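K.L.:
Any chance you could fold what I've pasted below:
(2 chains)
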Number of protein chains: 2
Amino acid sequence: MSDPIASPANSRIKALIRLRERRQRDATRTFIVEGYRELLRFADAGLAMRTLFICPELFVGVNESALVDRCRDSGAEIVEVGAVPFRKASYRDRPEGLLAVADQFDTGLDRIPLTGTPLVLVAESIEKPGNLGTMLRTAEAAGLSGVIVTDPTTDPYNPNVVRASLGTMFAVPIAIADTPSAIAHLRAVGLRIVATTPDATLPHYQADLRGPTALVIGSEQYGLSKLWLDAADTGVVIPMPGSVDSLNAAMAAGIIMFEAVRQRS
Amino acid sequence: MSDPIASPANSRIKALIRLRERRQRDATRTFIVEGYRELLRFADAGLAMRTLFICPELFVGVNESALVDRCRDSGAEIVEVGAVPFRKASYRDRPEGLLAVADQFDTGLDRIPLTGTPLVLVAESIEKPGNLGTMLRTAEAAGLSGVIVTDPTTDPYNPNVVRASLGTMFAVPIAIADTPSAIAHLRAVGLRIVATTPDATLPHYQADLRGPTALVIGSEQYGLSKLWLDAADTGVVIPMPGSVDSLNAAMAAGIIMFEAVRQRS
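P.N.:
Numbers count the residues shown, from 1 in each chain, chains lettered A, B, ... in the order given. Predicted structure coming up:
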């Protein structure tokens, strides 16, 4: 390994910082995975990274070296970085000394497996990276077949999505599509479209979620688009004894996903 | 009204910044409520603020003036602040020109009403303000009788708790207590203690949550303490077909609260 990168003005450090911008991620078809847990899950998912930037003096645990070896063995370039430039490249307050550049993965609709009785979450135009990351994390916990991100306002490769998902997003199939394509796909493969909307009267727990189902959640600010509301086989509402605007989008998604888990148990 | 505060070095601006620290909040028994939605809910809850700092040039809507008038009528001192010092005092990236100092409210255990069939959330030593705020927000949506925050690592008056709750925390009774006091209180008033723990075998949806119930959630990192596990009438687990560590504490709380709502419907 060559000498550690010592300057925050190093061109590779600058390139890492640029990857915080979606435009740059889209142009290079790459994204950043930072942190031990996130990279472990990335590696466990069998995904390959291009480059792993490490700063051993920032390591917080004892298992980092094993992970670095594993990444090296799977073909990643390992680049050592001094603490000052690493902190500059890091997206975190307390960097853990591990930050990788990875290729964006395939996000075609055919990535969602249709084995068994599929249960899919559709997240339309979610704005807040934390909400999208939490949805992906919760979908993974609920054992969903996959998540379709439609008309993304926030792309799943946003560093805050990766972070909020704790890397669990690498363990759940993710597709990205525009809404008409997603609707056509769900119809073609025979999934029932269940739209979550405050305008519905059917409580989510009275809808039958045991068959092949797509649960559709709209954006924080605007809810579901007319396209989804029109395409839905049924609309459901999460009854709220308190204020009706008091559930955030990720929480609403989690409640309905785990209601489906309950019904299927 | 006197001239607007023009300097970021003004002593009142400095005092606002110090209230970001818990020590200072505890010492003064005050806290900060920032933002239009948050302050509207604060006023709707009938709570009184000491001082409302305003910066009209930062107002984003058209209803701010009415809210300012309402606060003035209820006895708040109104202090105008220039944009530069306001931005310094604000905890937000995009300040909305409204920031109040309010007295901390009563958080005794007897604040939780016991009318009807009480349903209470107990949150033990939650670390992340965002999680505690989301729990309060979700508890309000679920129409809970109240939330008991035990042995707080993060106090409910933390500005990020207020923010994550969107001010809904002012609409749900909150008590703060140490764990032994909370357990003694719940027993004395006859609530069944249901502890959420990955070590339980009973799925949360198979537990009967229709009676007077306290749902207990532990901290993000350590889960529930032995005190709560020993005191529980029953333990429940949220079954996860995916990875077992993939639900965050606020999401777990939301799923079990809305399961109780379902059972009680």
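
K.L.:
residue boundaries of the strands in chain A?
P.N.:
In chain A, the segments counted as strands under DSSP state E are A:30-34, A:49-54, A:77-80, A:98-103, A:119-124, A:146-150, A:174-177, A:192-196, A:213-217, A:234-236.

K.L.:
Pull the residues that contact the last one.
P.N.:
Residues from elsewhere that reach strand A:234-236, judged by C-beta atoms under 8 Å, 6 or more residues apart in numbering or on different chains: A:192-197, A:199-200, A:202-204, A:206-207, A:229, A:256. Any C-beta I mention is one placed from the backbone N, CA and C, and that applies to glycine too.

K.L.:
and it, what's its mean pLDDT?
P.N.:
For strand A:234-236, mean pLDDT is 98.

K.L.:
and what of the third one?
P.N.:
The average of the pLDDT scores along strand A:77-80 is 97.

K.L.:
returning to that earlier point: just the buried ones from the contacts of strand A:234-236?
P.N.:
Applying 16 or more other C-beta atoms under 10 Å in any protein chain shown to the contacts of strand A:234-236, the neighbour count classes A:Arg192, A:Ile193, A:Val194, A:Ala195, A:Thr196, A:Thr197, A:Ala200, A:His204, A:Ala207, A:Leu229, A:Ile256 as buried.

K.L.:
neighbours around A:Ser181, how many?
P.N.:
If you count neighbours by other C-beta atoms under 10 Å in any protein chain shown, A:Ser181 ends up with 15.

K.L.:
My error: substitute A:Asp73 in the last question.
P.N.:
Considering only other C-beta under 10 Å, A:Asp73 is surrounded by 8 other residues.

K.L.:
Now distance to A:Leu119 too, for the buried ones among the contacts of strand A:234-236, in CSV please.
P.N.:
Listed next are the buried ones among the contacts of strand A:234-236 as CSV, based on distance: C-beta to C-beta, whole Å:
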residue, distance to A:Leu119
A:Arg192, 10
A:Ile193, 12
A:Val194, 10
A:Ala195, 15
A:Thr196, 14
A:Thr197, 19
A:Ala200, 19
A:His204, 14
A:Ala207, 13
A:Leu229, 21
A:Ile256, 11
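
K.L.:
For those residues, give me JSON lines that also has pLDDT and distance to B:Gly167.
P.N.:
Formatted as JSON lines, the buried ones among the contacts of strand A:234-236 follow (pLDDT from 0 to 100; distance: C-beta to C-beta, whole Å):
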{"residue": "A:Arg192", "pLDDT": "98", "distance to B:Gly167": "37"}
{"residue": "A:Ile193", "pLDDT": "98", "distance to B:Gly167": "34"}
{"residue": "A:Val194", "pLDDT": "98", "distance to B:Gly167": "31"}
{"residue": "A:Ala195", "pLDDT": "98", "distance to B:Gly167": "28"}
{"residue": "A:Thr196", "pLDDT": "96", "distance to B:Gly167": "24"}
{"residue": "A:Thr197", "pLDDT": "95", "distance to B:Gly167": "24"}
{"residue": "A:Ala200", "pLDDT": "95", "distance to B:Gly167": "26"}
{"residue": "A:His204", "pLDDT": "98", "distance to B:Gly167": "26"}
{"residue": "A:Ala207", "pLDDT": "98", "distance to B:Gly167": "31"}
{"residue": "A:Leu229", "pLDDT": "97", "distance to B:Gly167": "29"}
{"residue": "A:Ile256", "pLDDT": "98", "distance to B:Gly167": "25"}
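
K.L.:
what stretches of the stretch 101-250 of chain A score poorly on pLDDT?
P.N.:
A:244 (pLDDT under 70).

K.L.:
could you check the distance from the nearest residue to A:Leu202 once chain neighbours are set aside over to B:Leu67?
P.N.:
Among residues not flanking A:Leu202 along the chain, A:Val236 sits closest, at 5.2 Å (C-beta to C-beta, 6 or more residues apart in numbering or on different chains). Per C-beta to C-beta, to the nearest Å, A:Val236 is found 35 Å from B:Leu67.

K.L.:
before we move on, the earlier item: from the strands of chain A, which stretch is densest packed?
P.N.:
Of all the strands of chain A, strand A:213-217 has the most neighbours on average by mean count of other C-beta atoms under 10 Å in any protein chain shown, namely a mean of 28.

K.L.:
Does anything pack onto that strand? Which helices or strands?
P.N.:
Contact analysis of strand A:213-217 by 3 or more C-beta pairs under 8 Å, 6 or more residues apart in numbering or on different chains; DSSP states H and E lists strand A:119-124, strand A:192-196, helix A:249-264 as its packing neighbours.

K.L.:
With chain B as the reference, name the closest of those.
P.N.:
Chain B lies closest, by C-beta to the nearest C-beta, to one member of those: helix A:249-264, at 4.6 Å.

K.L.:
The closest one vs strand A:192-196, what angle?
P.N.:
Between helix A:249-264 and strand A:192-196, the angle comes out at 140 degrees (axes from the mean of the first three to the mean of the last three C-alpha atoms, to 10 degrees).

K.L.:
Return the angle between stretch directions for helix A:249-264 and strand A:146-150.
P.N.:
140 degrees.

K.L.:
just the CA coordinates of helix A:249-264, formatted as PDB?
P.N.:
Below are the C-alpha coordinates for helix A:249-264, written out as PDB (Å, rounded to 0.1, in the frame of the first residue of the first chain):
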ATOM      1  CA  ALA A 249     -44.500   8.300   6.600                       C
ATOM      2  CA  ALA A 250     -41.900   5.700   7.800                       C
ATOM      3  CA  MET A 251     -44.000   5.000  10.900                       C
ATOM      4  CA  ALA A 252     -47.100   4.500   8.800                       C
ATOM      5  CA  ALA A 253     -45.200   2.100   6.500                       C
ATOM      6  CA  GLY A 254     -43.900   0.200   9.500                       C
ATOM      7  CA  ILE A 255     -47.300  -0.200  11.100                       C
ATOM      8  CA  ILE A 256     -48.900  -1.500   7.900                       C
ATOM      9  CA  MET A 257     -46.000  -3.800   7.000                       C
ATOM     10  CA  PHE A 258     -46.200  -5.400  10.500                       C
ATOM     11  CA  GLU A 259     -49.900  -5.700  10.300                       C
ATOM     12  CA  ALA A 260     -49.300  -7.800   7.200                       C
ATOM     13  CA  VAL A 261     -46.800  -9.800   9.000                       C
ATOM     14  CA  ARG A 262     -49.400 -10.400  11.800                       C
ATOM     15  CA  GLN A 263     -52.000 -11.500   9.300                       C
ATOM     16  CA  ARG A 264     -49.600 -13.900   7.600                       C
END
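
K.L.:
Show me which positions of that helix end up buried.
P.N.:
Across helix A:249-264, burial judged by 16+ other C-beta under 10 Å covers A:249-262.

K.L.:
can you check stretch A:229-242 too?
P.N.:
A:Leu229, A:Ala231, A:Ala232, A:Gly235, A:Val236, A:Val237, A:Ile238, A:Pro239, A:Met240, A:Gly242.

K.L.:
what's the most distant pair in those residues?
P.N.:
A:Ala231 and A:Gly242 (30.2 Å; C-beta to C-beta).

K.L.:
Report the contact partners of the residue in the stretch 151-265 of chain A positioned nearest to chain B.
P.N.:
Across the stretch 151-265 of chain A, the shortest distance to chain B (C-beta to the nearest C-beta) belongs to A:Pro241, at 2.7 Å. Neighbour list for A:Pro241: B:Ala141, B:Ala142, B:Gly143, B:Val261 [criterion: C-beta under 8 Å, 6+ apart].

K.L.:
can I get these in TSV with distance to B:Ala102?
P.N.:
Below are the contacts of A:Pro241 laid out as TSV (distance: C-beta to C-beta, whole Å):
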residue	distance to B:Ala102
B:Ala141	23
B:Ala142	25
B:Gly143	25
B:Val261	30
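
K.L.:
Any of these buried? List them.
P.N.:
B:Ala141, B:Ala142, B:Gly143, B:Val261.

K.L.:
distance of the second one from chain A?
P.N.:
If I follow you right, that is B:Ala142. Here B:Ala142 is placed at a distance of 6 Å from chain A (C-beta to the nearest C-beta, to the nearest Å).

K.L.:
can you pull the contacts of the residue nearest to that residue when sequence neighbours are not counted?
P.N.:
Nearest in space to B:Ala142, with sequence neighbours left out and distances taken as C-beta to C-beta, 6+ apart, is B:Met257 at 4.3 Å. Contact analysis of B:Met257 by C-beta under 8 Å, 6+ apart lists B:Leu119, B:Leu121, B:Thr138, B:Ala139, B:Ala142, B:Leu144, B:Leu215.
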